[in-house]
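S.K.: Provide a 3D model corresponding to the input given below.
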Amino acid sequence: MMRTISAAALAGVLLLAPACAIAETNTSETYRQLNLFGDVFERVRSEYVEPVTDEQLIENAINGMLTSLDPHSSYLNRKSFQDMQVQTRGEFGGLGIEVTMENGLIKVVSPIDETPAFRAGIQPGDLLTHLDGEAISGMSLADAVEKMRGPVGSNIKVTVRRGEGAEPFDVNITRDTIKIQSVRFRQEGDVGYIRITTFNEQTQMGLDRAVERIEKDLGNKLTGYVLDLRNNPGGLLDQAISVSDSFLDKGEIVSTRGRKPEDGQRYNAKSGDLAKGKPVVVLINGGSASASEIVAGALQDHHRAIVLGTQSFGKGSVQTIIPLPGHGAMRLTTARYYTPSGRSIQALGISPDIEVQPARVEEIQQGLRRREADLRGALRNDTVTNPGAGTPATRPAPQAAPPGGAPVPAPAP
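M.R.: Numbering: from 1, shown residues only. I've put the predicted structure just below:
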């Protein structure tokens, strides 16, 4: 026994030495790279043709590091961080569009209902090339967003490219205070129609009010609900979980998996179904992203709702906002999320149970709609072994329906 222990101990020493050497080598290489950064920083400070501030250089360097990771990680300066906090509370000034960066241009994920951008005809998939004649190429996402904000009543000229090979055109938009009513509803016959435009701090409260009012107005005539998530760009994870929980009586809603196994989390439904078991239809399209896909995926996997429409955007990653004391914050992709069946939505999206294409006139106007998988640097889907396979084999192929036709009540928004 002693010999065995000694041999094991000796092996431990022999194994430990190379590991330490590797760690020292890695540390040495890191310091070498940091010295390189310091050299470049000092050279720019002293020799660049125009004066630049240290803060400007460091913030841009940090943002460059983060934006090189994926399309959704970025640095938020103090003002951008404050604006983001205001936006999640549901009221802010600007144009009213959810955007991301693609190949140096601003890509519209979705305009928010009844905002200046929505009324001006901005559409999901549009690429913005210029703001007031200034090229967006070379701007950071935060800088472009800040330029789109401005005093209420002021105008901005946005240059839009819609569809591959299309000629850019200008759209003049008047800025306004964006008051997001994240939930709207109405009755269509004996069906309750609920439209969720985004997931902010007011969403669950709005959903509760909508269901209560629909039940009161229709009473025993109520036969079911249509939950419209089309062109909903997402929002707060906790609100997506809460909305999903409203229609589920039990079971997992979503799980997240980070870099380390211990970072994974599972979110489960609590007892109680807000719709009291009545049928639910969820509407999605290529502008339904992130939190919208969590809701659609959870209700689909539990067979609680029929998902109808077209393939969703495919943003299956979680961003964490990490405040940086004395500065702004960093938005960092920290996890992927998975539906209850273990599907990753990243770069694939949610496939509808029943596919309903938009009317032909809408297809012509929208041109080619881009999705998460088309963004430069998009995270891969780690649950698909064959990249060309499309949707996971665990899901049945969607049932086709004629363009513009729907086998269930689906009121137009």
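S.K.: As a check, name the ranges of all helices in the stretch 151-300 of the chain.
M.R.: Per DSSP state H, counting those that start in this stretch, the stretch 151-300 of the chain carries helices over the ranges 203-218, 237-247, 291-301.
S.K.: Let me fix that, I meant to ask about the stretch 1-150 of the chain.
M.R.: Using DSSP H, counting those that start in this stretch, the helices of the stretch 1-150 of the chain run over residues 2-47, 54-67, 78-88, 116-119, 141-148.
S.K.: Could you give the number of residues near residue 166?
M.R.: Close neighbours of residue 166, defined as other Cβ atoms under 10 Å, add up to 12. Every residue, glycine included, has its C-beta placed from N, CA and C.
S.K.: Roughly how far does it sit from residue 350?
M.R.: The gap separating residue 166 from residue 350 is 28 Å, by Cβ to Cβ, to the nearest Å.
S.K.: before we move on, what about residue 38?
M.R.: 46 Å.
S.K.: Show me the strands in the stretch 301-413 of the chain, by range?
M.R.: For the stretch 301-413 of the chain, the strands defined by DSSP state E, counting those that start in this stretch occupy 306-309, 317-323, 329-338, 354-356, 399-401.
S.K.: How about the stretch 151-300 of the chain?
M.R.: With DSSP E, counting those that start in this stretch, the ranges of strands along the stretch 151-300 of the chain come out as 155-161, 169-174, 176-179, 183-188, 191-196, 224-228, 252-257, 265-268, 280-284.
S.K.: which residues of the stretch 101-250 of the chain score low on pLDDT?
M.R.: Residue ranges of the stretch 101-250 of the chain with pLDDT under 70: none are present.
S.K.: switch the cut-off to 90
M.R.: The model of the stretch 101-250 of the chain has pLDDT under 90 over residues 101-105, 109-110, 112-114, 137-143, 145-146, 149-152, 163-166, 177-181.
S.K.: circling back to that earlier point, need the winner for burial among the strands of the stretch 301-413 of the chain.
M.R.: strand 306-309 (a mean of 24; mean count of other Cβ atoms under 10 Å).
S.K.: For that strand, list the C-alpha coordinates in PDB.
M.R.: C-alpha atoms of strand 306-309 as PDB (Å, rounded to 0.1, in the frame of the first residue of the first chain):
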ATOM      1  CA  ILE A 306     -50.000  25.700 -31.600                       C
ATOM      2  CA  VAL A 307     -47.300  27.900 -33.000                       C
ATOM      3  CA  LEU A 308     -48.300  29.500 -36.300                       C
ATOM      4  CA  GLY A 309     -46.400  31.700 -38.800                       C
END
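S.K.: can you give me the helices in the stretch 301-413 of the chain?
M.R.: For the stretch 301-413 of the chain, the helices defined by DSSP H, counting those that start in this stretch occupy 360-366.
S.K.: Run through it and note the low-pLDDT ranges.
M.R.: 325-327, 358-413.
S.K.: Out of the strands of the stretch 151-300 of the chain, which one sits most buried?
M.R.: Highest mean neighbour count among the strands of the stretch 151-300 of the chain (mean count of other Cβ under 10 Å): strand 280-284, with a mean of 26.
S.K.: what angle do that one and helix 291-301 make?
M.R.: In terms of direction (axes from the mean of the first three to the mean of the last three Cα atoms, to 10 degrees), strand 280-284 departs from helix 291-301 by 140 degrees.
S.K.: Sheet-wise, list the partners of strand 280-284 with their directions.
M.R.: Paired strands of strand 280-284, with direction, are strand 224-228 (parallel), strand 306-309 (parallel) (DSSP bridges).
S.K.: right, and the ones you listed - which one's nearest residue 239?
M.R.: For residue 239, the closest of these is strand 224-228, at 13.8 Å, according to Cβ to Cβ.
S.K.: if you count what's nearby, which of residue 38 and residue 350 comes out ahead?
M.R.: Per other Cβ under 10 Å, whichever of residue 38 and residue 350 has more neighbours is residue 350, with 30 against 10.
S.K.: How about the more buried one: what's its closest non-neighbour residue?
M.R.: Of all residues not flanking residue 350 in the chain, residue 312 sits nearest, at 4.4 Å (Cβ to Cβ, 6 or more residues apart in numbering).
S.K.: now do residue 150
M.R.: In space, and not counting its chain neighbours, residue 150 is closest to residue 175: 5.1 Å by Cβ to Cβ, 6+ apart.
S.K.: Now that that neighbour has come up, it's in contact with residue 153, right?
M.R.: Yes. Between residue 175 and residue 153 there is a contact at 6.8 Å, judged by Cβ atoms under 8 Å.
S.K.: what about these two, which has more around it?
M.R.: residue 175 (20 against 9).
S.K.: got a list of what the more buried one touches?
M.R.: 93-95, 116, 149-156 (Cβ atoms under 8 Å, 6 or more residues apart in numbering).
S.K.: And it, how far from residue 96?
M.R.: To residue 96, residue 175 is 9 Å away according to Cβ to Cβ.
S.K.: got any residues that touch both of those two?
M.R.: Counting by Cβ under 8 Å, 6+ apart, the common neighbours of residue 175 and residue 96 are residue 116.
S.K.: what residues go with each domain of this protein?
M.R.: 91-178, 181-380+390-401 (automatic domain parsing).
S.K.: And those domains: which comes nearest residue 51?
M.R.: The closest of the domains of the chain to residue 51 is domain 91-178. By Cβ to Cβ, the value is 19.1 Å.
S.K.: Give me the most central residue, this structure.
M.R.: By Cα atoms, centre = their mean, the chain has its centre lying nearest to residue 290, at 4.0 Å.
S.K.: thinking residue 156 is in contact with residue 95, fair?
M.R.: Yes. The pair residue 156 / residue 95 is scored as a contact, 7.3 Å apart, by Cβ under 8 Å.
S.K.: hey, what's in contact with both of those two?
M.R.: What both residue 156 and residue 95 touch, as defined by Cβ under 8 Å, 6+ apart, is the set 148, 173, 175.
S.K.: Include distance to residue 63 when you put these into CSV, please.
M.R.: Below are the shared contacts of residue 156 and residue 95 laid out as CSV (distance: Cβ to Cβ, whole Å):
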residue, distance to residue 63
148, 17
173, 26
175, 25
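S.K.: Among these, which one sits closest to residue 373?
M.R.: Closest to residue 373 out of the shared contacts of residue 156 and residue 95 is residue 148 (25.7 Å), distances taken as Cβ to Cβ.
S.K.: Could you measure from residue 353 over to residue 94?
M.R.: Taking Cβ to Cβ, one finds residue 353 at 36 Å from residue 94.
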